[in-house]
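Engineer: I'll drop the sequence and a predicted model, then ask my questions.
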Number of protein chains: 2
Amino acid sequence: MNKVRFGIIGMGVQGSLYSRILTGQASPIPQPEGCELGAICSRTDKSAEAEALGGQWFRDWRSLLSSGCCDAVIITVPHFQHHEIAAAALQAGVHVLCEKPAGVRASDVQTMLAAAEKSDAKLGIFLQQRTIPLFAKIRSIVESGELGALRRSNWIINTYWRPDSYYASATWRGTWRGEGGGMLVNQLPHYLDLWLYLCGTPERVFALNREGAYRSIHVENDVTVLAQYPGGATGVFVACTHDPMGTDRLEMDFDGGKIIVEDSARATIHRFRRSENEWNRELSMGEMERYVKTDDHHDTERNDEGLPYGISHSRIMENFARHVRFGEPLIADGLAGLRQVELANAIALSGWTGEMVSCPCDPGRYNAELQKRMDAE
Amino acid sequence: MNKVRFGIIGMGVQGSLYSRILTGQASPIPQPEGCELGAICSRTDKSAEAEALGGQWFRDWRSLLSSGCCDAVIITVPHFQHHEIAAAALQAGVHVLCEKPAGVRASDVQTMLAAAEKSDAKLGIFLQQRTIPLFAKIRSIVESGELGALRRSNWIINTYWRPDSYYASATWRGTWRGEGGGMLVNQLPHYLDLWLYLCGTPERVFALNREGAYRSIHVENDVTVLAQYPGGATGVFVACTHDPMGTDRLEMDFDGGKIIVEDSARATIHRFRRSENEWNRELSMGEMERYVKTDDHHDTERNDEGLPYGISHSRIMENFARHVRFGEPLIADGLAGLRQVELANAIALSGWTGEMVSCPCDPGRYNAELQKRMDAE
């Protein structure tokens, strides 16, 4: 296969952008290597747009799948429909790159993964922020073990300001039936994924989620999560859509270092010259105080390799195409998508029940609680 | 009364410092106006030290109280004994300035307050960080209502690095029987008090407290608290004794502004030109994004009026003396001491039970849980 021919299923804001990225019409976002547009699929007639893009238009995704004009599909339809289309595509031997979140319910994502398991076709998830170089750098530092174990994570991510006019801009926004949730489903999947990617998967979470905080919506738009990792380390994750001067600040404490990331763009990486465990055994309080003041006890590296919006989308498509063509490892596979949704589900369930819940949580319980809210809407 | 004659009960690290502050021997800490040293009280013979300080020495605090040589006492004995001595002093008509925390158990502090209620003598608590100008400034801004209601508080206060050698330096340190707790009782009272002082009293708290995290102690030295305020606003409070590069960062979000304090020394106070509620009604996402980028939507004031260690102690004594002499309002009264202990108790109880608990919590339940740990030690 020379190039992977993508079909885009769902031509909303994201689908449109992806069609332009794939055809090199989204400058300055680079056209991803090894990728081309085969078709688009939308319920409204977009045959003219398809022609301009050099692809076919389908009204029905089943026809697109059976047409043979695409090796892979990008799925950007409403969240609740992801798994059905993905499973059908995988069953038909068509590769799937699925928009985040992989699904609303972890159980739906399991369906998607089961279909991938039975198919030779590949499954990837659009968790493109993993390609931002500073996050990739931090991930590699954490994975190398040079900083020792994580002791604490703390992320305030309040940069998603959304006014009532945004929520009113489409009937599905801010509703249980339309989206299956609020921030946890719409704005936060990338940051939940990065939190998992950099800090690991919590064993249990407790959350206070406010639904309709300062906004006329049913769903949660203010989230405060307390996480407990295996071994006892703790984490905090805070987000809302009503902070006009939104803070984005991640702090990670390790046995042997401390990492602070501001605005997802500037990382400060402190490496202690010795592990805190050794200092604890060897230094007095006074010695430590003098030691810290001299700045002699650590090395500091700065990294400001952020990425402008859109470039990471191009990179995730390129990686997916290389995975299909050459077997290059996926940056974000189906399991990553599942873990992210499991975390979102556990946070939502904890907020609804007021209990600390395991992560992943009981899918039956989450589904039942969500259904109650959908039914009552 | 020309000057208030203080007796210091308990001559450990703090008692010694206070005796030197009162006698003007703690330069550069100023001697507090309207205060003088009347006596010191310690179980070991400190008659020579008392003579050098120009006061009397008592082995027994009851003798000090009945001697008539002191108008007021500063109580710096182990936490568990605060209320008994304070109540006796107040009953004897001797004013009390009590070291923080006012007690381990809120029920003990209630005993102290009840004694104050029945006495003409005054009760104040050594919560001196309230005198730090930048915190006093923030408190006055919050109280004025100019920023509207609080939406979120977030404090990481990891600056209390304590090695095992510190905990081993006295048998009572890091034990339930000796101190009645860890950080919540020893290191954090000031910051819990400031959190209350600036952000208000939570209605409920949920906490994950780690006991003996990276240290050979029984008590909690790693605290993560999630708070819910009346009306639904949320708060996070994070602290530990094992971060050698301790972060101290407070963030407060309001309807009409945002305040960030770093290292308890540098405050950035943003005042929005209009309340977020109005922006929500009137601006689109795109307009807001442009608005934020121009920096035209808020005014920013900086305040770096911190205070070197010790000066705030002198100020709290001066305020207490003026309260006794002229009725000047107390900066930190008995009720402030009670609220701080109630919060610490609720956090501890939540950590022990794994439940979200009301604040104040059931004192009987807290006392029983604490007693279990003391008995098992």
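Structural biologist: Cool, the structure landed. Numbers count the residues shown, from 1 in each chain, chains lettered A, B, ... in the order given.

Engineer: which residue sits closest to residue A:115 in space, ignoring its chain neighbours?
Structural biologist: Leaving aside its sequence neighbours, residue A:115 sits nearest to residue A:87 (CB to CB, 6 or more residues apart in numbering or on different chains; 3.8 Å). From N, CA and C alone the C-beta is placed, and that goes for glycine too.

Engineer: tell me the contacts of the one you found?
Structural biologist: A:111-112, A:114-115 (CB atoms under 8 Å, 6 or more residues apart in numbering or on different chains).

Engineer: do the same with residue A:49
Structural biologist: A:11, A:19, A:40, A:57.

Engineer: Closest to chain B out of those residues?
Structural biologist: residue A:11 (20.9 Å; CB to the nearest CB).

Engineer: Is that closest one in a helix, a strand, or coil?
Structural biologist: When classified by DSSP: H, G, I helix; E, B strand; the rest coil, residue A:11 comes out as coil.

Engineer: ok, the residue lying closest to it once chain neighbours are set aside to chain B distance?
Structural biologist: Closest residue to residue A:11 apart from its sequence neighbours, by CB to CB, 6+ apart: residue A:42 at 4.0 Å. Distance check for residue A:42 against chain B: by CB to the nearest CB, to the nearest Å, it reads 24 Å.

Engineer: swap in residue A:246?
Structural biologist: As judged by CB to the nearest CB, residue A:246 and chain B stand 8 Å apart.

Engineer: That residue: neighbour count?
Structural biologist: 19 (other CB atoms under 10 Å in any protein chain shown).

Engineer: what sits against it?
Structural biologist: A:157-161.

Engineer: Could you pick out which of those are located in helices?
Structural biologist: If you go by DSSP state H, the contacts of residue A:246 have nothing in helices.

Engineer: so which strand or helix has the most far-flung residue of chain A relative to its centre?
Structural biologist: Farthest-out residue of chain A from its mean C-alpha position, per CA atoms, centre = their mean: residue A:286, at 43.9 Å. Using DSSP states H and E, residue A:286 maps to helix A:285-294.

Engineer: The stretch 251-377 of chain A against chain B: which residues are in contact?
Structural biologist: Selection of the stretch 251-377 of chain A residues close to chain B by CB under 8 Å from any CB of the partner chain yields A:251, A:253, A:258, A:260, A:270, A:272, A:276-277, A:279-281, A:283-285, A:288, A:292, A:297-298, A:354, A:356.

Engineer: now swap in the stretch 51-200 of chain A and tell me
Structural biologist: Counting by CB under 8 Å from any CB, the stretch 51-200 of chain A sits next to chain B at A:151-152, A:154, A:156, A:158, A:161-166.

Engineer: now whatever residue of the stretch 51-200 of chain A ends up closest to chain B, nearest residue through space, not along the chain?
Structural biologist: Nearest residue of the stretch 51-200 of chain A to chain B: residue A:163, at 4.7 Å (CB to the nearest CB). Nearest residue to residue A:163 in three dimensions, chain neighbours excluded: residue B:280, at 4.7 Å (CB to CB, 6+ apart).

Engineer: that's a helix at that neighbour, yeah?
Structural biologist: Yes - counting by three-state DSSP, residue B:280 is located in a helix.
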